[in-house]
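K.L.:
sharing a model that was predicted from the sequence below.
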Amino acid sequence: MGLRRVSWLALMAMAVSGCVGGGGASESPATAAPSPTANMTLSIANYTTIAVTLVVNGSVVEVVGPGGYQDPIKVALTALPWTVETRSPSGRVLSSMTVRSGDVWQTSYPGGGGAAHGDAVRVDLSCGRIDVWSGPPLLGPPPGPGTSGDCA
């Protein structure tokens, strides 16, 4: 009886491990963990009179014309973290931020309502305002005056 019991337990262990699977190469793509950037977006609102270059991790992603708006940016972005900059036509950095894994999230409460968090940067210039965000868009006061010559 002892031998039968051990054989039965060994058979059950093999059956269970076969059902669960060991992962690796036989794992189907549908069960693979999603990429940390799969649901991440980046958006920009250029409320200035100049073209603004959006740069992520040192690479130009897009040039957004005066009054331009992209929500979300329609190009594939590299893996996180993202070092995001906006630059003037002369190449001067106007704003910068870093987006890291876990920075952007949202939740709903059982009784209603919810919360959201993201990364964003805003700069008020003499020629207008630039907002860049990942997650919920920025809210806030009307644009400030900026400093003369800050759009050059």
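P.N.:
On my side now, so go ahead. In this text the structure is predicted, and so the values were computed from the model without any measurement.

K.L.:
following the worst-scoring helix or strand of the chain on mean pLDDT, which helix or strand shows up next?
P.N.:
Counting by mean pLDDT, DSSP states H and E, the chain has its least confident helix or strand at helix 2-20, which shows a mean of 37. Downstream of helix 2-20, the first helix or strand assigned by DSSP states H and E is strand 43-48.

K.L.:
what's that next one packed up against?
P.N.:
Strand 43-48 sits against strand 52-56, strand 59-64, strand 69-70, strand 128-134, with contacts defined as 3 or more Cβ pairs under 8 Å, 6 or more residues apart in numbering; DSSP states H and E. No exception for glycine: its C-beta is placed from N, CA and C like everyone else's.

K.L.:
which one of those lies nearest to E85?
P.N.:
Nearest to E85, of all the helices and strands packed on strand 43-48, is strand 52-56, at 4.5 Å by Cβ to Cβ.

K.L.:
for the closest one, packing partners?
P.N.:
For strand 52-56, the packing partners by 3+ Cβ pairs under 8 Å, 6+ apart come out as strand 43-48, strand 59-64, strand 82-87.

K.L.:
okay then, goodbye and thanks.
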